[in-house]
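In: Prediction below, plus the sequence it came from.
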Amino acid sequence: MDVREEVGVGRLAMPRQAAGRLGERLSDNLRRHFVGRDAEITVFTELLRSGQAALLWVYGPGGVGKSTLLQRLAQLASDKGMPVLFPDARHLPPTQEGVVRGLRQALEPAIASVEDGVQRWVILLDTCEHFSEAEASAVRTEVLSQLPATSLIVMAARARPGLAWLTDPGWGELLTPTPLHNLSPTEARTYLSRAGVPESRHDAIVAFTHGHPLSLALVGELGKHGDFDPSASPDVLGSLLERLLSDVPGPSYRDAVYASAQVRVTDEGLLAALLEAGVTAEFDWLRRQPYMESGAGGVFPHDLARDLLDKDLRWRNPQRHRVLHERAGRHYLRLMEVGDTEVQQSALFDLMALHPSLRGLLLAPSAELRVSRGASADRSAVLSLIAGHEGPESAELAAMWWDQDPGAWAIVKDRTAPASSSLRAAMALTALPEPGGPLDVDPAVVAARIRLSRHAPVRPGERVTYVRWWLDAETYQKPSPAQSLLAVQLTRHYLTTPGLAVSFLPTADPETWFGPMIYTDQNPMPEADFALGGHRYSVFGHDWRAVPRARWLALMSERETAREPVPALFERPEEAALLALSRQEFAQGVRSMLRELHRPDRLVHNPLLRCRLVESRLPASAAGADPGSEARLAALREILREAVTTLEASPRDAKGFRAVRRTYLAPAPSQEVAAQVLGLPSSTYRRHLSAGLRAITDILWEQELHA
């Protein structure tokens, strides 16, 4: 069996039709090096001979040789004069519409031949694990069903066919699942002989790889040039990885290899963001490596190499693993700020790849969808959409919200559809209104205010965002490509809105969204739940003062990269959360901080250590640290130093600075002595001290509100 294609050698889609002498030589090389797979070839040959429609599903782990087997099957069919098509799911656009369109184009010769009376084609479809459940359903119903009636289809994937394939009354009858295993010791030795590896090294290599084809190919290359000693490590895959990376030119190249395994696909810009350095030489080297493959968006490791690299980094340096995920997330979020919709969509897709828990719920949107702000021409269609899914009472309230601020609505339209039917989704990204207005009749508003009154109050200058409506024209609140575009807008709002304190997100489908809500730290807020028009809505939310944006992004990375599951915020001890103090409580904390500045044993209990202004100053490695940690104390002292420096530099506050300095920073034995040192009457000294305390409190309060 030839497994060189598994590590980067180009595939032969239609071997017998390869152009020129090089194509013939590549085809001959495949025949000469191919080893084993007799049982699978026998099944294929019998299906080919039967002349009947059939679906052969070949499955096995990455690197086991599925793609090479499909190449060999293509040769066998071509040798018998059968027309062959060999598309790869990996290269189809990452949307349901793109999959259907791209696969139809790839299979167009077979589909069109039905009109000419040609009924027998061999279709080999590789890397089918890239299909989501919805995409697989569309492939079955919209593409494969259009093939000639007696087509022989071979699909290769990592996993056995799903329940939808097995239980489909039509496809289930045609389906033959065929697992692919490692090569036997005899087959492995045959492969090594044909690859030019000296026989004296076969036993060690076979024992080390256990017949895994990709491992055989990689270790076989090493075995050609010297003895191979697998006893160097009991960890087969770990040793393979070390040998794989033994010839990297330097540390930055090794870092580039590990970084490429953390993301879906790597281009030079992303690699530079991951390593925070210039990487032109590293990227050029990376794309030439035998375990890397190239696609339209950049380079990516072969599946087995990716798994090896990811597992090794998780074990070797979990902090580095987390940092790479955080940097990748920030890079994608920056791209989502770019105005180009296609760039945003691609960034969203790559961001989802960092978080497998969300992939099934956030579907990559198609290029035909566009987002815009609400305009007067959209009002009627949006209200009709809401009435259709939630009833007239909800639509009446939506009209009131719309009239208050049409620009708060995000509208998704299909640019290819007629204007009268172009609306695909809508979201009201609104600020919670102040009491005493017409929206007090909305039960969602009433419940949200109850929640806020029982927990950390909203302070002047802070904003509460309420995602009052979010719905797709067809799926309502089920996942859809249009919903994914709304998710982009919501994420951008979370990360860029000044003074955002709390956000509320209601759903009529909590069963579907509970897991993703908790994963993204949108926690249940049962006091804010409400009912309207016979529907019950569960409300989730996030306090951005307790878990600020930087900490939120870090938390997402922690949940994806943690060795053990990270509990949701609402399950954590109460003392671990940050505080949202009132203005009066904050001022008391400032005075207490100054009094206890030289008593660390008391200062560790100061409430300011759990406020946002301190959290925002912590390095990423200390985010979420215990309230009394040295990192928080150091941050608080630095914040105070800056505030005092600002006070000292202001001529208007000079008197207050001197009073504060002699009382707290370089304290006299008592306030009476401090007044004497300053040459002030006691009443004047106390007035200056009060002014200085107010000025420092004002400086720190402003930081707390806008940290």
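Out: Perfect, thanks for sending it.
In: so where do the helices sit in the stretch 201-350 of the chain?
Out: Per DSSP state H, counting those that start in this stretch, the stretch 201-350 of the chain carries helices over the ranges 202-209, 213-223, 236-244, 251-260, 268-275, 280-286, 303-316, 318-335, 341-354.
In: Likewise for the stretch 551-700 of the chain?
Out: 583-595, 600-603, 612-615, 630-649, 654-660, 671-678, 682-706.
In: quick one: average confidence on the third one?
Out: Meaning helix 612-615. Helix 612-615 comes out with an average pLDDT of 80.
In: Distance from that helix to the middle of the chain?
Out: 27 Å (Cα atoms, centre = their mean, to the nearest Å).
In: and for it, what are the contacting residues?
Out: Applying Cβ atoms under 8 Å, 6 or more residues apart in numbering, the contact partners of helix 612-615 are 545, 548, 551, 578, 580, 608, 623, 632, 635-636, 639, 700, 703-704, 707. Every residue, glycine included, has its C-beta placed from N, CA and C.
In: picking that back up, lowest average pLDDT across the helices of the stretch 551-700 of the chain?
Out: helix 612-615 - the lowest mean pLDDT of the helices of the stretch 551-700 of the chain, at a mean of 80.
In: quick one, what contacts Thr465?
Out: Neighbouring residues of Thr465 by Cβ under 8 Å, 6+ apart: 429-432, 493, 497, 500, 502-504.
In: Now, those residues that are in helices?
Out: His493 (DSSP state H).
In: domains for this protein, by residue range?
Out: With domains defined by automatic domain parsing, the chain comprises 4-179, 185-232, 251-354, 369-576, 583-706.
In: Including distance to Leu363, could those domains go into a markdown table?
Out: Output for the domains of the chain, formatted as a markdown table (distance: least, Cβ to Cβ, whole Å):
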| stretch | distance to Leu363 |
| --- | --- |
| domain 4-179 | 7 |
| domain 185-232 | 31 |
| domain 251-354 | 9 |
| domain 369-576 | 5 |
| domain 583-706 | 31 |
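In: hang on, the earlier thing: which member of the contacts of Thr465 is positioned nearest His331?
Out: For the contacts of Thr465, the closest approach to His331 (Cβ to Cβ) belongs to His493, at 19.4 Å.
In: now the end-to-end length of stretch 43-63.
Out: Chord length of stretch 43-63, first to last residue, is 22 Å (Cα to Cα, to the nearest Å).
In: List just the nearest of the contacts of helix 612-615 to His321.
Out: Taking Cβ to Cβ as the measure, His321 lies nearest Ala623 of the contacts of helix 612-615, at 16.4 Å.
In: looking at it, Trp165 is touching Thr176, isn't it?
Out: No: using Cβ atoms under 8 Å, Trp165 is not in contact with Thr176; the gap is 11.3 Å.
In: Overlap in contacts, these two.
Out: Shared contacts of Trp165 and Thr176 (Cβ under 8 Å, 6+ apart): Trp57.
In: out of the two, which sits in the more crowded spot?
Out: Under the criterion of other Cβ atoms under 10 Å, the comparison of Trp165 against Thr176 puts Trp165 first, with 19 against 15.
In: And the nearest residue to His535 once chain neighbours are set aside, how close does it get to Met400?
Out: Nearest residue to His535, sequence neighbours excluded (Cβ to Cβ, 6 or more residues apart in numbering): Ala508, at 5.5 Å. Relative to Met400, Ala508 is positioned 20 Å away (Cβ to Cβ, to the nearest Å).
In: okay, the two: which has more neighbours?
Out: Shown here are Ala508 and Met400; by other Cβ under 10 Å, Ala508 has more neighbours (16 against 13).
In: lowest-pLDDT helix or strand in this protein?
Out: Scoring the helices and strands of the chain by mean pLDDT, DSSP states H and E places helix 236-244 at the bottom, with a mean of 62.
In: ok, back up a step: deepest-packed of the helices of the stretch 551-700 of the chain, please.
Out: A comparison of the helices of the stretch 551-700 of the chain by mean neighbour count, using mean count of other Cβ atoms under 10 Å, puts helix 612-615 on top with a mean of 23.
In: In the stretch 201-350 of the chain, where is pLDDT below threshold?
Out: Residue ranges of the stretch 201-350 of the chain with pLDDT under 70: 221-240, 242-244, 246, 290, 303-304, 338-339, 341, 345.
In: Ramachandran coordinates for Ser670?
Out: Phi and psi for Ser670, reported as degrees, to the nearest 10, are phi -150, psi 170.
In: can you start the count at 52 instead of 1 from here on
Out: Sounds good: first residue 52 from here, last item Ser721.
In: quick one: it and Leu175, what's the gap?
Out: Applying Cβ to Cβ, the value for Ser721 to Leu175 is 90 Å.
In: For beta bridges, what are the partners of the residue nearest to Ser554 when sequence neighbours are not counted?
Out: Distances taken as Cβ to Cβ, 6+ apart put Thr516 closest to Ser554, at 4.4 Å, once the chain neighbours are dropped. Listed by DSSP bridges, the beta-bridge partners for Thr516 are Ala482, Ser554.
In: From Gly550, how far off is Thr516?
Out: Using Cβ to Cβ, one gets 10 Å for the distance from Thr516 to Gly550.
In: Where does Ala477 sit, in terms of helix or strand?
Out: Assessed by DSSP states H and E, Ala477 sits inside strand 474-482.
In: just the angle between the very next helix or strand once past that strand and strand 474-482, please?
Out: Later in the chain than strand 474-482, the nearest helix or strand by DSSP H and E is helix 494-505. With axes from the mean of the first three to the mean of the last three Cα atoms, to 10 degrees as the basis, helix 494-505 and strand 474-482 are set at 40 degrees to each other.
In: other SSEs contacting helix 494-505?
Out: Here helix 494-505 touches strand 514-523, strand 551-558, strand 581-583, strand 586-594, going by 3 or more Cβ pairs under 8 Å, 6 or more residues apart in numbering; DSSP states H and E.
In: Between strand 551-558 and that helix, find me the angle.
Out: Angle of helix 494-505 versus strand 551-558, following the same axes, to 10 degrees, is 140 degrees.
In: which residues are in contact with helix 494-505?
Out: Applying Cβ under 8 Å, 6+ apart, the contact partners of helix 494-505 are 483-484, 486, 490-491, 509, 515, 517, 519, 553, 555, 557, 576, 578-583, 588, 590, 592.
In: swap in stretch 174-184?
Out: 117-118, 121, 124-125, 135-141, 143, 147, 150, 154, 158, 161, 187, 190, 195, 198, 202-210, 213, 215, 410-411, 414.
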